[in-house]
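> A structural model of the following input is requested.
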Amino acid sequence: VALLSKDRVTIRSGNADQSVKLNAAKAFWSPSGKRMALIDDKSRLSLLDTEKLTPVVLSPKASDVRWSPDGSRLMFMKGKALMMTSDEGTKLISKDVRPGTATWAPNGERIAYASGNQLIVDNWRQHQSHKIVGGHRITSTDWSPDGSTIAFEDANGALLTANPNGRNLTQISFVPLTSL
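Numbers count the residues shown, from 1 in each chain. Below is the predicted model of the structure:
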């Protein structure tokens with residue numbers, strides 16, 4: 001359990017508490033529980049080793065923090081830029097991403113996100129990105145558990161799905177033209 005206060009982060013494990021002086025407004029546990037990403041009240045992103053309690057500032061501004069499924073990488077937004085950080089360093093994935101839309105594939109090899117009116121799938125290891133769907137103002141994305149389908153919502157509230165290669169685009173919910 002992590003307890004956040006204005007100037008302290010306390011990690012509770014069993015009957016023992018450990019704390020470090022650190023401003024944190026939001027916390028994001030890694031899948032292993034050994035690291036925690038923290039955003040303070042000025043939107044600064046830090047990484048905390050939960051055993052050594054050693055914080056490292058990763059970015060002066062960040063939002064939309066998401067751990068990779070294996071916990072080896074951290075994806076975050078810096079303004080409209082999608083960034084990824086790992087033990088090897090931090091790199092830019094894309095310069096123009098709609099906040100709140102980036103999601104990891106279950107295997108951690110690809111990322112889906114909205115850019116402009118397009119759904120993009122990025123294979124970050126191979127430095128390849130592909131436009132999957134165009135013509136929709138996408139507000140959220142999510143992968144199926146097996147990674148074979150991406151679900152996304154557009155600004156009109158319609159829910160759609162497509163394969164990561166762009167095939168089988170299907171609208172699975174329809175938005176009424178008039179409200180009752």
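
> how close does the residue nearest to the spatial centre of the chain sit to residue 83?
Closest residue to the average C-alpha location of the chain: residue 66 at 3.2 Å, with C-alpha atoms, centre = their mean. Using C-beta to C-beta, to the nearest Å, residue 66 is found at 11 Å from residue 83. Any C-beta I mention is one placed from the backbone N, CA and C, and that applies to glycine too.

> what touches both of the two?
75, 76 (C-beta atoms under 8 Å, 6 or more residues apart in numbering).

> for the residue nearest to the centre of the chain, helix, strand, or coil?
Under DSSP: H, G, I helix; E, B strand; the rest coil, residue 66 falls in the strand class.

> could you list the low-confidence segments of the chain?
1-23, 175-180 (pLDDT under 70).

> go again with 80.
1-25, 50-51, 53, 174-180 (pLDDT under 80).

> mind listing the residues bridging to residue 171?
residue 160 (DSSP bridges).

> my guess is it meets residue 157, correct?
No - the criterion here is C-beta atoms under 8 Å, and residue 171 misses it with residue 157 at 11.2 Å.

> show me where this structure has its helices.
Assigned by DSSP state H, the chain shows no helices.

> distance check, the residue nearest to the centre of the chain against residue 52.
23 Å.

> circling back to that earlier point, list the contacts of the residue nearest to the centre of the chain.
Counting by C-beta under 8 Å, 6+ apart, residue 66 touches 28, 74, 75, 76, 102, 103, 104.

> gap between it and residue 135?
Residue 66 is 26 Å from residue 135, by C-beta to C-beta.

> equivalent analysis for residue 173, please.
On the measure of C-beta to C-beta, residue 173 and residue 135 end up 17 Å apart.

> same check on residue 61?
Taken as C-beta to C-beta, the span from residue 61 to residue 135 is 31 Å.
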